[in-house]
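A.B. asks: build me a model from this:
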Amino acid sequence: MTKMLFFMIFLETYKMAKQNIFVKLCKGYCGADVVTEYQFHPKRKWRFDYAIPSHKIAIEVEGGAWIDGRHNRASGFLKDMEKYNAAAVLGWRLLRVTPQQLLTTATLQMVAAAMSYEN
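C.D. replies: Purely as a prediction, here's the structure:
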């Protein structure tokens, strides 16, 4: 196995473990049934990193904040805006966090607050 293949497998395993931890933390902290990679749009293949469909709450993990990542380059930024605006039109509320913020109490409190808010 090449070093690159090993590294890619490691990163994917780490990402899946982090996803599972966040799903379980949300369930324990605020009773949320969180879905990963949730396709929210009826026509486009857009997905939220995490979603609570019963409350129309989406959580997006915005990587690359400190590097020239996809979300910071013009084309990626514009595509994200298109996706987020389409979600808002469909009634979704979007919470954006960095990878470092995902597994924090602050993020869990934000999710719980969003769940308790009614228009």
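A.B. asks: what's residue 57 sitting at in phi/psi?
C.D. replies: Summarising the backbone geometry of residue 57 under the convention degrees, to the nearest 10, its torsions are phi -110, psi 130.
A.B. asks: contacts only, for it.
C.D. replies: Residue 57 is in contact with 51, 92-93, 95, 111, 114-115, counting by Cβ atoms under 8 Å, 6 or more residues apart in numbering. All C-beta spots, glycine's among them, are computed from the backbone N, C-alpha and C.
A.B. asks: what's the answer for residue 22, then?
C.D. replies: For residue 22, the contact set (Cβ under 8 Å, 6+ apart) comprises 34, 50, 102-103.
A.B. asks: the strands in this structure, which residues?
C.D. replies: Under the criterion DSSP state E, the chain carries strands at the ranges 35-39, 47-52, 57-61, 93-97.
A.B. asks: can you put those strands in JSON lines and add mean pLDDT and distance to residue 22?
C.D. replies: What follows is those, written out as JSON lines (pLDDT from 0 to 100; distance: least, Cβ to Cβ, whole Å):
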{"stretch": "strand 35-39", "mean pLDDT": "96", "distance to residue 22": "8"}
{"stretch": "strand 47-52", "mean pLDDT": "97", "distance to residue 22": "7"}
{"stretch": "strand 57-61", "mean pLDDT": "97", "distance to residue 22": "8"}
{"stretch": "strand 93-97", "mean pLDDT": "97", "distance to residue 22": "10"}
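A.B. asks: what about the longest helix along the chain, average pLDDT?
C.D. replies: Secondary structure assigned by DSSP state H gives helix 3-30 as the longest helix of the chain. This predicted structure assigns helix 3-30 an average pLDDT of 79.
A.B. asks: now do it and strand 47-52, the angle between them.
C.D. replies: Interaxial angle of helix 3-30 relative to strand 47-52 (axes from the mean of the first three to the mean of the last three Cα atoms, to 10 degrees): 30 degrees.
A.B. asks: so helix 3-30 versus strand 35-39, what angle?
C.D. replies: For helix 3-30 against strand 35-39, the angle between stretch directions is 100 degrees (the same axes, to 10 degrees).
A.B. asks: could I get the buried residue list for helix 3-30?
C.D. replies: Of the residues in helix 3-30, those buried by neighbour count under the rule 16 or more other Cβ atoms under 10 Å are 19, 22-23, 25-26, 30.
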